[in-house]
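> based on what follows, work out the 3D shape:
(2 chains)
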Amino acid sequence: MEYIIEKIGMSRTIAVPSVPVTLLRVLDAKVCSVDENKRALVSYVSGKKMNKAIAGQQKKYNLSAEYNRFVTLDVANQEAGDLDTAPLGEAKTLKVSLKTKGRGFAGVIKRHNFQGGPGAHGSRFHRAPGSIGNREWPGRVQRGKKMPGHYGNTQVTVKNEIVSFDAQNGILAVKGSVPGANGSLGKARIVK
Amino acid sequence: MRNKYIEAFEAGQISAKNIPDFRAGDTIKVAVKIIEGDKQRVQNFEGICIARRGTGTGETFIVRKIGANGVGVERIFPIFSDSIEEIAVVRRGIVRRSKLFYLRDRRGKAAKIKELRK
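From the prediction side, this is the model:
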């Protein structure tokens, strides 16, 4: 079972021991059509993007005008209608996938946890990657050498236990942290 | 302003708690549940609240007392923690700031806080 979720932010419980939780909002979604493997075309609301292709789909599946995004998900529904969130009530563990925060073009200290050099005492080696190879032999850089480059903004999946699920507001509390910025959208899949 | 969903999630946990109104400078008595093996008992910790910080379920306060041999002892408690059985205000104090860290540098009578009488 998969759901579209929005990361809200973090909080904690007052139990002993206190558990750090991330709150996720399960977006309202409409199931447009379901096939025999429970794979469904699901529509949800995000922003105001609209074009003729979306309008055509809305007409085909009788959706209201604000449902402007479509994804394919595993669902619990037998037929089209509102997405069934009941399985979240009994679920224990989730796999949550979100885009990590983008860091742009990052150096090796941030990107690969290199140590860097001393800041002072005239070392002339601060945050640079340093040597990237040997000498005339092998005469090339080893494949997979860790170097500066684009970091973040990639899909990352983490496994979290469910602490609570408020079905009325669709608020999930999962133990621990989840990738990405607050307000970003992602997917949550029930593991068990 | 905090996010309304976070606020609702925390309000659900906090609403059942009955916490007296207190601030830095007040002398308070905290009854802490202590679990030793399978036995449970309550220990009191009485001293001056020298700071409150944080919001929602993460709110904490610092209690400072002078222990044996004049050694200062400070404990930080989460206000809404289930391990706290009761918080009682023993005495209200007159102070002009919300963080009383200057008390750490004071000894004896200089570290005294006047009582607020109404």
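> so B:Phe77 sits against B:Thr60, correct?
Yes. If you go by C-beta atoms under 8 Å, B:Phe77 and B:Thr60 touch, sitting 6.3 Å apart. The C-beta positions use only the backbone N, C-alpha and C, and glycine is treated the same way.
> more crowded one of those two?
Using other C-beta atoms under 10 Å in any protein chain shown, the more surrounded residue of B:Phe77 and B:Thr60 is B:Phe77, with 19 against 14.
> residues contacting A:Asn182?
A:7-9, B:3 (C-beta atoms under 8 Å, 6 or more residues apart in numbering or on different chains).
> so can I have JSON lines of those residues showing pLDDT, neighbour count and distance to B:Gly72?
Shown next, in JSON lines, are those (pLDDT from 0 to 100; neighbours: other C-beta atoms under 10 Å in any protein chain shown; distance: C-beta to C-beta, whole Å):
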{"residue": "A:Lys7", "pLDDT": "96", "neighbour count": "21", "distance to B:Gly72": "42"}
{"residue": "A:Ile8", "pLDDT": "95", "neighbour count": "21", "distance to B:Gly72": "40"}
{"residue": "A:Gly9", "pLDDT": "94", "neighbour count": "16", "distance to B:Gly72": "36"}
{"residue": "B:Asn3", "pLDDT": "89", "neighbour count": "15", "distance to B:Gly72": "38"}
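> narrow those to those in strands?
Residues of those located in strands (DSSP state E): A:7-9.
> tell me the average confidence for the helix or strand containing A:Arg111?
Secondary structure from DSSP states H and E places A:Arg111 in helix A:108-112. For helix A:108-112, mean pLDDT rounds to 97.
> same for it, what does it pack against?
Here helix A:108-112 touches strand A:149-151, going by 3 or more C-beta pairs under 8 Å, 6 or more residues apart in numbering or on different chains; DSSP states H and E.
> could you pull out the buried residues of the strand it packs on?
A:Tyr151 (16 or more other C-beta atoms under 10 Å in any protein chain shown).
> again with stretch B:9-24
Quick answer for stretch B:9-24 (16+ other C-beta under 10 Å): B:9-10, B:13-14, B:22, B:24.
> quick one: find the helix or strand in chain A with the lowest mean pLDDT.
Ranked by mean pLDDT, DSSP states H and E, the helix or strand of chain A with the weakest confidence is strand A:81-82, at a mean of 88.
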